[in-house]
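> return atomic coordinates for the entry below.
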Amino acid sequence: MEYGKLVEMAYEVMENAYVPYSKFNVGAALLTKSGKVYTGCNVECASYGATNCAERTAIFKAVSEGEREFTAIAIVSRTRDITFPCGICRQVLSEFADEMDVILAKGMEYKVYKLTELMPYAFEKSELNK
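Numbers count the residues shown, from 1 in each chain. All right, here's what the predicted structure looks like:
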């Protein structure tokens, strides 16, 4: 799938964000190895710790449908510049794909990073067996 299409899908789902507190809409479109796309937007809650980011929403949807292998994720917002995923989202992404492409867009212009660039020292499953 063309990354521009993933960016478009992320912008589309961004409009569904529930952000009454921050007014910071974020959208994500996650591409699986099988070619399916799962989208997500951020959902806020008055108890801020219960808020969920767009990236994790997309991942949790995909995992709940049996997907475990991801190749790329597009992330968009309404800010003046690109929006990087937060640390928790980077860790969750790294659980499934270290070499995933992370596409960060402003308008239809985007930059592509490898997840390992954004999370070079992720906590890994192997750490649990020590």
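> what distance separates stretch 34-52 from the centre of its chain?
Its chain's average C-alpha position is 9 Å from that of stretch 34-52, according to Cα atoms, centre = their mean, to the nearest Å.
> how about that stretch: buried residues?
37-44, 51-52 (16 or more other Cβ atoms under 10 Å). Yep, even glycine has a C-beta here, placed from its N, CA and C like the rest.
> need the CA coordinates for it. CSV is fine.
These are the backbone C-alpha positions of stretch 34-52, laid out as CSV (Å, rounded to 0.1, in the frame of the first residue of the first chain):
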residue,chain,number,x,y,z
SER,A,34,-1.3,-9.3,5.6
GLY,A,35,-2.2,-6.0,3.9
LYS,A,36,-5.1,-5.0,6.2
VAL,A,37,-5.3,-1.5,7.7
TYR,A,38,-6.6,-0.7,11.1
THR,A,39,-7.2,2.9,12.1
GLY,A,40,-7.4,4.6,15.4
CYS,A,41,-8.0,8.0,17.0
ASN,A,42,-7.2,9.3,20.5
VAL,A,43,-10.0,9.0,23.1
GLU,A,44,-9.7,11.1,26.2
CYS,A,45,-11.3,10.7,29.6
ALA,A,46,-11.8,13.0,32.5
SER,A,47,-9.5,10.7,34.4
TYR,A,48,-6.5,11.4,32.2
GLY,A,49,-4.8,8.1,32.9
ALA,A,50,-7.6,6.3,31.2
THR,A,51,-7.0,8.2,27.9
ASN,A,52,-5.8,6.2,24.9
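> could you give the mean pLDDT of that stretch?
Across stretch 34-52, pLDDT averages out at 96.
> got the contact list for it?
1, 6, 9-10, 12-22, 24-32, 53-62, 65, 67, 69 (Cβ atoms under 8 Å, 6 or more residues apart in numbering).
> over to stretch 2-11?
Contacts for stretch 2-11 (Cβ under 8 Å, 6+ apart): 27-29, 31, 37, 39, 54, 72-76, 101, 103, 105, 108, 110, 112.
> show me where this protein dips below the pLDDT cut-off.
Across the chain, the ranges flagged by pLDDT under 70 are 130.
> contacts only, for the residue most central in space within the chain.
A centroid search over the chain (Cα atoms, centre = their mean) returns Glu55, at 2.7 Å, as the residue closest to the centre. Contacts for Glu55 (Cβ under 8 Å, 6+ apart) come out as 26, 28, 30, 40, 73, 75, 85, 89, 92-93.
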